[in-house]
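Chemist: no sequence for this one, just the structure:
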């Protein structure tokens with residue numbers, strides 16, 4: 001196949017990736033951006049298959065290629081169709097791991113061809129590029145796989161073994177950081193040794209084993225509050241692994257796509273860190289939340305839906321603050337119904353305050369509310385919505401805790417300095433939550449006990465249904 005046609009095919013494919021990524025920056029254009037990304041990948045696959053078929057040897061087995069495409073497509077469709085919105089963070093973490101593993105497997109295959117089987121023996125700079133890229137791809141790819149699998153089980157809360165539920169541990173003693181450094185240095189040393197001893201494949205297996213262990217050790221100490229950052233970072237690493245593999249097989253579109261994923265994931269990671277007032281180094285080497293929990297010593301008398309409905313009657317402005325509890329109870333549709341009722345019956349202005357790390361993955365709340373057809377104009381980012389709480393009649397917090405905990409302003413404790421939603425500045429605060437239990441950071445929330453705070457204890461969907469019924473009866 002003429003190399004110019006291959007280049008053109010990959011160029012168009014890369015264009016779809018770039019425009020798709022750009023459109024993912026806004027909820028309104030995100031579906032179209034996702035479709036552009038799918039088209040780009042489809043074109044890249046077709047171009048690669050055509051290049052293989054029209055090459056000197058052609059495709060050896062169409063059965064393997066067709067079987068692989070069909071199997072992957074069926075698995076992907078089933079997983080995407082069956083997953084609930086509460087399971088999206090786990091699915092994203094799993095896909096990150098699969099992406100890293102796929103890149104690492106391709107790198108391993110090519111390394112085996114170049115080195116172990118001795119069919120092709122590059123020299124000079126080509127040799128060093130192949131060996132170093134193969135080692136780095138193995139490091140990042142296998143580390144991403146094991147780290148992502150552990151992150152997935154952390155997001156799930158545990159794993160079921162022989163009918164018994166085992167909680168995923170968060171464990172990070174001080175001596176674990178030197179272990180991470182030693183493991184990383186060991187991989188670099190193995191890559192160096194593999195350059196000087198090309199015929200010894202043991203170095204490749206050593207790199208794989210140490211990288212897998214490094215992925216587990218890196219994620220093991222990280223607590224629940226930092227999981228959105230970890231998922232974003234693992235997404236970036238899967239792209240970096242793909243880019244390294246692109247250098248090995250000399251595939252330009254893989255380099256471009258991997259670089260785009262790696263760069264965008266890293267940018268998002270830093271955005272998440274900024275939203276939590278955390279440094280990436282602290283996320284990776286200091287545990288945050290999830291290890292110790294404060295004991296609750298205070299109580300709060302709960303309210304009922306009728307009381308909240310009467311307080312909402314006549315409210316000119318209500319700001320809704322969604323949290324992971326909304327995702328767990330799947331009450332986004334009831335929340336949308338509440339917003340419509342208040343607007344139609346009382347002419348109330350409704351807005352949604354979105355904290356960047358609410359939920360367990362970036363954009364979690366945006367996805368849930370978009371699923372319920374909440375207008376994008378009502379979804380306001382934290383920095384823009386916070387000044388409006390002082391002029392807000394009622395703030396309704398649904399399953400959020402750390403993201404609106406005033407303790408963050410004191411400069412002390414695990415939430416010190418973390419930007420929060422200023423729900424406590426509203427005239428009345430309604431919190432829908434199962435209990436007074438602490439959040440990921442493990443500390444109590446003073447907002448729960450203020451005189452202006454009304455607690456609706458119970459499942460989010462049940463409480464929202466009761467609140468909507470009470471409003472209809474007014």
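Modeler: That came through fine. Just so it is clear, the model here is predicted, and its values are computed rather than measured.

Chemist: ok, now which ones touch the closest residue in space to residue 140 that isn't next to it in sequence?
Modeler: Setting aside the residues directly before and after it, residue 140 is nearest to residue 241 in space (CB to CB, 6 or more residues apart in numbering), at 4.2 Å. For every residue, glycine as well, the C-beta is placed using N, CA and C. By CB atoms under 8 Å, 6 or more residues apart in numbering, the contact list for residue 241 reads 99, 100, 103, 104, 107, 137, 140, 141, 144, 258.

Chemist: hmm, try it at 10 Å
Modeler: The contact partners of residue 241, by CB atoms under 10 Å, 6 or more residues apart in numbering, come to 99-104, 106-107, 136-145, 258, 261-262.

Chemist: so which strand or helix has it?
Modeler: Here residue 241, judged by DSSP states H and E, is contained in helix 227-249.

Chemist: ok now that helix, how far from the chain's centre?
Modeler: 13 Å (CA atoms, centre = their mean, to the nearest Å).

Chemist: which is the next helix or strand following it?
Modeler: Using DSSP H and E, the helix or strand that follows helix 227-249 in sequence is helix 252-275.

Chemist: in that next one, which residues are buried?
Modeler: Residues of helix 252-275 classed as buried by neighbour count (16 or more other CB atoms under 10 Å): 252-262, 264-266, 268-269, 272-273, 275.

Chemist: so which elements touch it?
Modeler: If you count contacts as 3 or more CB pairs under 10 Å, 6 or more residues apart in numbering; DSSP states H and E, helix 252-275 packs onto helix 3-23, helix 30-53, helix 88-111, helix 227-249, helix 280-285.

Chemist: on that earlier part again, what angle separates the helix holding residue 241 from helix 252-275?
Modeler: Inter-element angle recorded for helix 227-249 and helix 252-275: 160 degrees (by axes from the mean of the first three to the mean of the last three CA atoms, to 10 degrees).

Chemist: where does the residue of the chain most remote from its centre land on pLDDT?
Modeler: Largest separation from the mean C-alpha position in the chain: residue 56, at 42.5 Å (CA atoms, centre = their mean). pLDDT for residue 56: 70.

Chemist: that one: what secondary structure?
Modeler: Secondary structure assignment for residue 56 (DSSP: H, G, I helix; E, B strand; the rest coil): coil.

Chemist: helix, strand, or coil at residue 441?
Modeler: coil.

Chemist: you'd agree it is up against residue 357?
Modeler: No. Between residue 441 and residue 357 there is no contact under CB atoms under 10 Å: 11.6 Å.

Chemist: any buried residues in the host helix or strand of residue 181, and which?
Modeler: According to DSSP H and E, residue 181 maps onto helix 176-196. By neighbour count with 16+ other CB under 10 Å, helix 176-196 contains the buried residues 180, 183, 184, 186, 187, 190, 191, 194.

Chemist: ok, stretch 36-48 next?
Modeler: 36, 37, 39, 40, 41, 43, 44, 47, 48.

Chemist: any idea how far residue 70 is from the closest residue to the first one other than its chain neighbours?
Modeler: What that stands for is residue 36. Excluding its sequence neighbours, the residue lying closest to residue 36 (CB to CB, 6+ apart) is residue 20, at 3.3 Å. Look at residue 20 and residue 70: by CB to CB, to the nearest Å, they are 24 Å apart.

Chemist: ok, those two, which is more surrounded?
Modeler: Between residue 20 and residue 70, counted using other CB atoms under 10 Å, residue 20 has the larger neighbour count: 22 against 10.

Chemist: mind naming the longest helix for the protein?
Modeler: For the chain, the helix with the greatest residue count under DSSP state H is helix 124-156.

Chemist: what helices or strands is that helix leaning on?
Modeler: If contacts are counted by 3+ CB pairs under 10 Å, 6+ apart, helix 124-156 sits against helix 88-111, strand 158-161, strand 164-167, helix 176-196, helix 202-219, helix 227-249.

Chemist: tabulate these in CSV, adding columns for mean pLDDT.
Modeler: Formatted as CSV, the helices and strands packed on helix 124-156 follow (pLDDT from 0 to 100):
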stretch, mean pLDDT
helix 88-111, 86
strand 158-161, 74
strand 164-167, 74
helix 176-196, 90
helix 202-219, 91
helix 227-249, 87
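
Chemist: just these: most buried one?
Modeler: helix 227-249 (a mean of 26; mean count of other CB atoms under 10 Å).

Chemist: my read: residue 157 touches residue 170, true?
Modeler: No. Counting by CB under 10 Å, residue 170 is not a contact partner of residue 157; they are 11.1 Å apart.

Chemist: look at the two and report which has more neighbours.
Modeler: Legend: neighbour count by other CB under 10 Å for residue 157 and residue 170, higher for residue 170 (18 against 12).

Chemist: assign that one to helix, strand or coil.
Modeler: coil.

Chemist: so how far is residue 240 from it?
Modeler: Distance from residue 170 to residue 240, by CB to CB: 26 Å.

Chemist: over to residue 431?
Modeler: Counting by CB to CB - residue 431 and residue 240 are separated by 41 Å.

Chemist: ok, now which ones touch residue 58?
Modeler: residue 52.

Chemist: gap between the two ends of stretch 448-463?
Modeler: Across stretch 448-463, the terminal residues are separated by 17 Å (CA to CA, to the nearest Å).

Chemist: buried ones in it, by neighbour count?
Modeler: Of all the residues in stretch 448-463, those buried under the rule 16+ other CB under 10 Å are 448, 453, 454, 455, 456, 457, 458, 459, 460, 461, 463.

Chemist: please flag which of those residues sit within strands.
Modeler: Mapping those onto strands (DSSP state E) picks out 453, 454, 455, 456, 457.

Chemist: save the residues you listed as JSON lines, and put in pLDDT and distance to residue 300 too.
Modeler: Shown next, in JSON lines, are those (pLDDT from 0 to 100; distance: CB to CB, whole Å):
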{"residue": "453", "pLDDT": "94", "distance to residue 300": "8"}
{"residue": "454", "pLDDT": "95", "distance to residue 300": "9"}
{"residue": "455", "pLDDT": "94", "distance to residue 300": "5"}
{"residue": "456", "pLDDT": "94", "distance to residue 300": "11"}
{"residue": "457", "pLDDT": "94", "distance to residue 300": "9"}
